[in-house]
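Undergrad: Quick one: sequence and predicted model below, then my questions.
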There are 2 protein chains.
Amino acid sequence: MKQQVNQLTIQEVAEATGLSVHTLRYYEKVGLIHTIGRADNSHRRYTDDDIGWIDFLNKLRATGMSIQQMQAYATLQRQGDETLPDRLAMLRQHQQMVEANIAELQRHLEVICYKVGYYQQLVTEMAEKEPAFSQ
Amino acid sequence: MKQQVNQLTIQEVAEATGLSVHTLRYYEKVGLIHTIGRADNSHRRYTDDDIGWIDFLNKLRATGMSIQQMQAYATLQRQGDETLPDRLAMLRQHQQMVEANIAELQRHLEVICYKVGYYQQLVTEMAEKEPAFSQ
DNA sequence: TCTTGACTTAGAGCGCACTCTAAATGTTAT
DNA sequence: ATAACATTTAGAGTGCGCTCTAAGTCAAGA
């Protein structure tokens, strides 16, 4: 029973993760993903763990971490448990960045909402004063 | 008393808005900013209104609106009041995009925070079991 | 046997949003 | 007069993160 659990092709992983097959190879080439195991025909075979890691990468990307930083993180990850404190520090810093970013977005969003409200009022007034279009 | 209120140089506007002088000229060239008035020596002179508009552009950018979309918005703006409904629609759509984006960031942030907590615990445990460094 | 189709690689190309360069002009201070 | 400095232009260059191409291998189906 030493079979490997879920062996996914690159196509399947693309569908599962939302990354393109191109991007999956690119991520592997630049070291974001460790060298993926191969089937006999030299085709990549991804494990469930690989999917998990890629999903996590996606979260880091979507929250604005650069490829460079993700490379640094991935390198630490591969070096094992002794780099745990470093990874913790990186995640902490990123967490703060994301929190700051959300706060900024919310401030800007308020201005946009205010403007939407103001424009809505103007448009409503225009419609009221111009009954030409209401028949 | 027909003097123009605040006539700022491009340098001053750069400092005021956080954009570089290069970017200010670039924004004008691609039509994000209307053609700025000139002093006798052909140097640009920005008004307070210009600053206000640039600040708003900055908010749109910072919330993820593309240059292309901002161009469309700026074009509508220049066409006057009859485009108000269109601008309202654009802002509304952008508002929704930003809200969705914030929500996504918050979901991802939760995962990151969870991981930070987990790593923190591991690191703490490592420190406890290895008193070599505590002296 | 032949075709189709998924995969492989190295490396080129692309879109975005700036960012910078070079050469010229004009203003100000010594 | 001369030097230093801010501005002007058109257009070239840059960094990021993909995205695609071309040429090849391999396996399955008609």
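TA: Everything's here; your move. Numbering: from 1, shown residues only, chains lettered A, B, ... in the order given.

Undergrad: I'd say A:Thr9 and A:His43 touch.
TA: Yes. Between A:Thr9 and A:His43 there is a contact under Cβ atoms under 8 Å: 6.6 Å. Any C-beta I mention is one placed from the backbone N, CA and C, and that applies to glycine too.

Undergrad: Who are the packing partners of whichever helix or strand A:Cys113 is part of?
TA: Secondary structure assignment for A:Cys113, by DSSP states H and E: helix A:84-129. Secondary-structure packing of helix A:84-129 (3 or more Cβ pairs under 8 Å, 6 or more residues apart in numbering or on different chains; DSSP states H and E): helix A:67-79, helix B:48-62, helix B:84-129.

Undergrad: does chain B sit close to stretch A:11-28?
TA: No. Judged by Cβ under 8 Å from any Cβ of the partner chain, stretch A:11-28 stays clear of chain B, getting no closer than 12.6 Å.

Undergrad: Put the alpha carbons of that stretch into PDB.
TA: Provided in PDB are the C-alpha atoms of stretch A:11-28 (Å, rounded to 0.1, in the frame of the first residue of the first chain):
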ATOM      1  CA  GLN A  11      -3.700  20.300 -16.500                       C
ATOM      2  CA  GLU A  12      -5.700  19.200 -13.500                       C
ATOM      3  CA  VAL A  13      -3.600  21.300 -11.200                       C
ATOM      4  CA  ALA A  14      -4.200  24.300 -13.400                       C
ATOM      5  CA  GLU A  15      -7.900  23.700 -13.100                       C
ATOM      6  CA  ALA A  16      -7.700  23.100  -9.300                       C
ATOM      7  CA  THR A  17      -5.600  26.200  -8.500                       C
ATOM      8  CA  GLY A  18      -6.600  28.700 -11.100                       C
ATOM      9  CA  LEU A  19      -3.100  29.100 -12.400                       C
ATOM     10  CA  SER A  20      -2.300  28.400 -16.000                       C
ATOM     11  CA  VAL A  21      -0.100  25.400 -17.000                       C
ATOM     12  CA  HIS A  22       2.400  28.000 -18.200                       C
ATOM     13  CA  THR A  23       2.400  29.700 -14.800                       C
ATOM     14  CA  LEU A  24       2.800  26.400 -13.000                       C
ATOM     15  CA  ARG A  25       6.000  25.600 -15.000                       C
ATOM     16  CA  TYR A  26       7.200  29.200 -14.500                       C
ATOM     17  CA  TYR A  27       6.600  29.000 -10.700                       C
ATOM     18  CA  GLU A  28       8.600  25.800 -10.600                       C
END
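
Undergrad: Tell me which of the helices and strands packed on helix A:84-129 lies nearest to DNA strand C.
TA: Closest to DNA strand C of the helices and strands packed on helix A:84-129 is helix B:48-62 (Cβ to the nearest atom of the strand; 5.3 Å).

Undergrad: So which bits of the closest one are buried?
TA: B:Asp50, B:Ile51, B:Trp53, B:Ile54, B:Phe56, B:Leu57, B:Lys59, B:Leu60, B:Arg61 (16 or more other Cβ atoms under 10 Å in any protein chain shown).

Undergrad: cool, stretch A:75-87 as well?
TA: For stretch A:75-87, by 16+ other Cβ under 10 Å, it's A:Leu76, A:Thr83, A:Leu84, A:Pro85, A:Arg87.

Undergrad: what does stretch A:34-50 give?
TA: A:Ile36, A:Arg44, A:Arg45, A:Tyr46, A:Thr47, A:Asp50.
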